[in-house]
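Enquirer: okay, structure incoming, though there's no sequence with it:
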């Protein structure tokens, strides 16, 4: 368990340095998860594992919002049921140009910040479609 933690700390430090931007381009979603995990680590919490199923759930909701030009948590219970997990949280974002900006907006919002720092969640899916972002994380 110690080796993955060390590798994660190294990777996060490397990514934050900006040295890898040209060498290892990461998607908006990947960068946002790295930022969230850095924040969780700074607060003594476990890292969130990327999860394909949760990614698909986030992608589906993000696509819905983008295609319908709406911004809402409609049908959260359906997403929660589809995930078949004990607990799920969801943050939505709109019109943040960078992952850093989206993270800042969530951090400055009490309920969104609480979702990112929920000590019960273990895995996450993140999707971006147009100006819409969905963070869907579960236990």
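Expert: Structure's in. What do you need? These figures come from a predicted structure and were not determined experimentally. Residues are numbered from 1 along each chain as shown.
Enquirer: how are the strands of the chain distributed by residue range?
Expert: Using DSSP state E, the strands of the chain run over 49-50, 88-94, 123-129, 132-138.
Enquirer: low pLDDT regions in this protein?
Expert: Applying pLDDT under 70 to the chain flags the ranges 1-24.
Enquirer: and if we set it to 90?
Expert: Along the chain, the model assigns pLDDT under 90 to residues 1-25.
Enquirer: which ones are touching residue 85?
Expert: 138, 139 (Cβ atoms under 8 Å, 6 or more residues apart in numbering). The C-beta positions use only the backbone N, C-alpha and C, and glycine is treated the same way.
Enquirer: I meant to write residue 98 there.
Expert: The contact partners of residue 98, by Cβ under 8 Å, 6+ apart, come to residue 28.
Enquirer: tell me how far it lies from residue 123.
Expert: Per Cβ to Cβ, to the nearest Å, residue 98 is found 24 Å from residue 123.
Enquirer: do you know how far the residue nearest to residue 56 when sequence neighbours are not counted is from residue 53?
Expert: Sequence neighbours aside, residue 125 is the residue nearest to residue 56 in space, at 6.9 Å (criterion: Cβ to Cβ, 6 or more residues apart in numbering). According to Cβ to Cβ, residue 125 and residue 53 sit 7 Å apart.
Enquirer: so which of the two has more stuff around it?
Expert: Neighbours per residue (other Cβ atoms under 10 Å) separate residue 125 from residue 53, with residue 125 holding more: 27 against 15.
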